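Trainee: Compute the structure for the input listed below.
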Amino acid sequence: QPPDHPSAERLQAFLDGELPEGERGRTEEHLASCPRCSVEMDGWRLLYESLQDLPTLAPNNGFADQVLAGVDVSKPLSLVARLGARVRGRLRESPGEGHPEDGRLQDWVEGLLPGRQAARIRTHVEGCAACVSRAAAWRSLLGALDGLERFAPATDFAARVMADIHVPVPVPANRAVPEWRRAVARAALVVRRFVPRSRKAWATVSGVALTPAVTLGLMAWTVFTHPTVTPGALASFAWWKASDLAAFAWNAASVRVMQSAEAFGVFSFVQSLALSPALLVTAFLVFSVATVMAAWVLYRNLNAYPVDGGYAHASLH
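Mentor: Numbers count the residues shown, from 1 in each chain. Down below sits the predicted model:
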């Protein structure tokens, strides 16, 4: 994982709410601008939601009593008893005093004991025929274990496993993310905070949302079941209200336009043209000359730069 992306442990701590406030803010900003980490966060969030949907397991009644009944809790030994046990253990390891235990003899055969302990056991084994046979048996057993076949997966095992795993295409870290995508990601993070995470929360939200829906349904049923309420009457009422609204909007727009200074200026200009025929003719001539000149300029540009197939050509020579 590159250092500029949060690790899996950090993403899990973010979901669990265990990050400090500063690190949590930086992680939210990174998730809002990094599609790769956002996809990984969605995967962790889906896993957490799946784990929350699992049934809660609990032991049966009396489980703790049954376990404690099967545990043999011996009384703690005194300091004198513990010292005596340690001295007796040391004496058993000395040459000529008993035989080494199977675990220590196996460690000696494998060369896992420190030098002093290994030397004491070697001295004992060299002078004890029983321990020589035991050591030989351990060597034979360990040699047989080393000679067993080493199991390994087939050569195409990894390829067959990876074929069933959907790995999203990684997004380059230096890819510029548009601002609108960052805004959408931030909005998605805010919305996800209010999305319920458990069945109990979904049930609560459903109950709260169902209350106004049922209320509106009862009100609609009460209105539409009245004998005087018919489809024709509702259509006439809607048309009447729409007509009044359109007339009000038209009147308001007309009054606003007529009272504006721009409309008054246009009206005054048109009125002056109507009262002065010479000015009207002059304006018409100026407009006609400007139109002819614009058409001539357009023609000259099209004739001077003909289009050859609609594409520009370039050459290295």
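
Trainee: Now do the helices in the stretch 101-250 of the chain.
Mentor: Listed in chain order, the helices of the stretch 101-250 of the chain (DSSP state H, counting those that start in this stretch) span 102-110, 115-126, 129-146, 157-163, 179-193, 199-224, 231-258.

Trainee: Pipe the ones you listed into JSON lines and attach distance to Ala8, mean pLDDT and mean neighbour count per row.
Mentor: All C-beta spots, glycine's among them, are computed from the backbone N, C-alpha and C. Formatted as JSON lines, the helices of the stretch 101-250 of the chain follow (distance: least, Cβ to Cβ, whole Å; pLDDT from 0 to 100; neighbours: other Cβ atoms under 10 Å):
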{"stretch": "helix 102-110", "distance to Ala8": "38", "mean pLDDT": "86", "mean neighbour count": "16"}
{"stretch": "helix 115-126", "distance to Ala8": "44", "mean pLDDT": "85", "mean neighbour count": "14"}
{"stretch": "helix 129-146", "distance to Ala8": "37", "mean pLDDT": "86", "mean neighbour count": "12"}
{"stretch": "helix 157-163", "distance to Ala8": "19", "mean pLDDT": "79", "mean neighbour count": "9"}
{"stretch": "helix 179-193", "distance to Ala8": "19", "mean pLDDT": "82", "mean neighbour count": "12"}
{"stretch": "helix 199-224", "distance to Ala8": "26", "mean pLDDT": "76", "mean neighbour count": "10"}
{"stretch": "helix 231-258", "distance to Ala8": "58", "mean pLDDT": "78", "mean neighbour count": "10"}
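
Trainee: And the ones you listed: which comes nearest Gln52?
Mentor: Closest to Gln52 of the helices of the stretch 101-250 of the chain, according to Cβ to Cβ: helix 199-224, at 8.7 Å.

Trainee: next one: the closest one to chain centre, how far?
Mentor: 32 Å (Cα atoms, centre = their mean, to the nearest Å).

Trainee: And stretch 276-290, by the same measure?
Mentor: For stretch 276-290, the distance from its own C-alpha centre to the chain's C-alpha centre is 70 Å (Cα atoms, centre = their mean).

Trainee: For it, the averaged confidence score.
Mentor: Across stretch 276-290, the average pLDDT comes to 78.

Trainee: Tell me which residues of the helix or strand harbouring Gly22 come out buried.
Mentor: With secondary structure defined by DSSP states H and E, Gly22 is part of helix 21-33. Residues 27-28, 30-33 are the ones in helix 21-33 that count as buried (16 or more other Cβ atoms under 10 Å).

Trainee: so which of these comes closest to Asp72?
Mentor: Nearest to Asp72 out of the buried residues of helix 21-33 is Thr27 (Cβ to Cβ; 50.7 Å).

Trainee: what residues are up against the closest residue to that closest one other than its chain neighbours?
Mentor: Leaving aside its sequence neighbours, Thr27 sits nearest to Phe14 (Cβ to Cβ, 6 or more residues apart in numbering; 5.1 Å). Residues near Phe14 by Cβ atoms under 8 Å, 6 or more residues apart in numbering: 6, 24, 27, 41.

Trainee: quick one on the thing from earlier: would you reformat the helices of the stretch 101-250 of the chain as TSV and include distance to Leu285?
Mentor: Listed next are the helices of the stretch 101-250 of the chain as TSV, based on distance: least, Cβ to Cβ, whole Å:
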stretch	distance to Leu285
helix 102-110	116
helix 115-126	121
helix 129-146	113
helix 157-163	81
helix 179-193	52
helix 199-224	68
helix 231-258	31
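
Trainee: what's the closest of these to Thr282?
Mentor: Closest among those, using Cβ to Cβ: helix 231-258, at 28.6 Å.

Trainee: Now do the closest one: distance to the chain's middle.
Mentor: Distance of helix 231-258 from the chain centroid (Cα atoms, centre = their mean) equals 50 Å.
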